[in-house]
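S.K.: Have a look at this prediction, sequence included:
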Amino acid sequence: MRLRPCITVAAGMLSGLTLGSGSLGGQEPLRPTTVILVRHAEKSVPLGDHPLSGTGKARARELARVLQHTKIAAIYTTQFKRTQQTAQPLANELKVTVHHITATETYVSDMLDLIRTDHTGETVLVVSHRNTVPALIEALGVSPAEEIIEEQYDHIYVVTVPPSGEPTMLTLRYGRPTPHSDAPVQPGATDRLRPPQQHDP
């Protein structure tokens, strides 16, 4: 599976990332903090905590290929199989431990605290859900974040928080295009802060 054109252009940029946070940390870092966010790949059954489908497993392998040269310090998923299995091929490639953070009502603030305290000046990958990825993007300082539609699985969001100044975000697409992935989406999802459930996509 080949990289989509926008990923091809950005692959070199991703391979050189050394991420960190400016306004996130207590001390002024020398480097920015970069947070790479993706929604989990396609799963086999819509309801319940089921594993990835064949298509989803292929997407997870493609994510590993795209990010294999990125200097990722840590990988975070939620407690659900679909996020963990999306992250695992890359974790195996990079020999990085996958940390499971339970998606509760405080999930977004918990993740932000982890990034602030443990990963200032580093690059981290967060594999999450279509309602929590936009919430995390906004918490990192990029607003308004786009809503992720139900059928959309092929986006990578790269949020860079510099030592000073405003955070920026680069949106990329990878792997097999998903339906309506190029359609404009609107900010302001009403369920954005609701913790993901077993039946969530």
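M.R.: Yes, it's here.
S.K.: Helix or strand next in line after the lowest-mean-pLDDT helix or strand in the chain, which one?
M.R.: The weakest-scoring helix or strand in the chain, judged by mean pLDDT, DSSP states H and E, is helix 5-15 (a mean of 47). Counting by DSSP states H and E, the next helix or strand C-terminal to helix 5-15 is strand 33-39.
S.K.: gap between that next one and the chain center?
M.R.: 4 Å (C-alpha atoms, centre = their mean, to the nearest Å).
S.K.: What of stretch 147-162?
M.R.: The answer for stretch 147-162 is 7 Å, by C-alpha atoms, centre = their mean.
S.K.: Could you list the buried residues of it?
M.R.: By neighbour count on 16 or more other C-beta atoms under 10 Å, the buried set for stretch 147-162 is 147-149, 152-162. Bear in mind the C-beta positions are built from the backbone N, C-alpha and C, glycine included.
S.K.: Can I get it in CSV, CA atoms only?
M.R.: In CSV, the C-alpha atoms belonging to stretch 147-162 read as follows (Å, rounded to 0.1, in the frame of the first residue of the first chain):
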residue,chain,number,x,y,z
GLU,A,147,-15.2,16.7,13.9
ILE,A,148,-14.2,13.2,12.8
ILE,A,149,-17.0,11.6,11.0
GLU,A,150,-18.0,8.0,11.6
GLU,A,151,-16.5,6.6,8.5
GLN,A,152,-13.2,8.5,8.7
TYR,A,153,-10.1,6.5,9.7
ASP,A,154,-7.3,7.8,7.5
HIS,A,155,-6.2,11.0,9.2
ILE,A,156,-3.0,11.8,11.1
TYR,A,157,-3.0,15.0,13.2
VAL,A,158,0.4,16.4,14.1
VAL,A,159,0.2,19.1,16.8
THR,A,160,3.4,21.0,17.5
VAL,A,161,3.6,23.1,20.7
PRO,A,162,6.6,25.4,20.4
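S.K.: avg pLDDT for that stretch?
M.R.: Averaging pLDDT along stretch 147-162 gives 95.
S.K.: what residue ranges in the protein are flagged as low confidence?
M.R.: 1-29, 180-201 (pLDDT under 70).
S.K.: run the last query once more with 80
M.R.: 1-30, 179-201 (pLDDT under 80).
S.K.: which stretches of it form helices?
M.R.: Here the chain has its helices, by DSSP state H, at 5-15, 54-67, 81-94, 107-118, 132-139.
S.K.: right, and these - which one's nearest residue 33?
M.R.: helix 107-118 (6.6 Å; C-beta to C-beta).
S.K.: Can you give me the buried ones in that closest one?
M.R.: Buried, per 16+ other C-beta under 10 Å, within helix 107-118: 107, 108, 111, 112, 114, 115, 116.
S.K.: quick one: residue 120 and residue 32 touch, right?
M.R.: No - Residue 120 lies out of contact with residue 32 (C-beta atoms under 8 Å); the separation is 9.5 Å.
S.K.: who's more crowded, these two?
M.R.: The residue with more neighbours, out of residue 120 and residue 32, is residue 32; 25 against 22, by other C-beta atoms under 10 Å.
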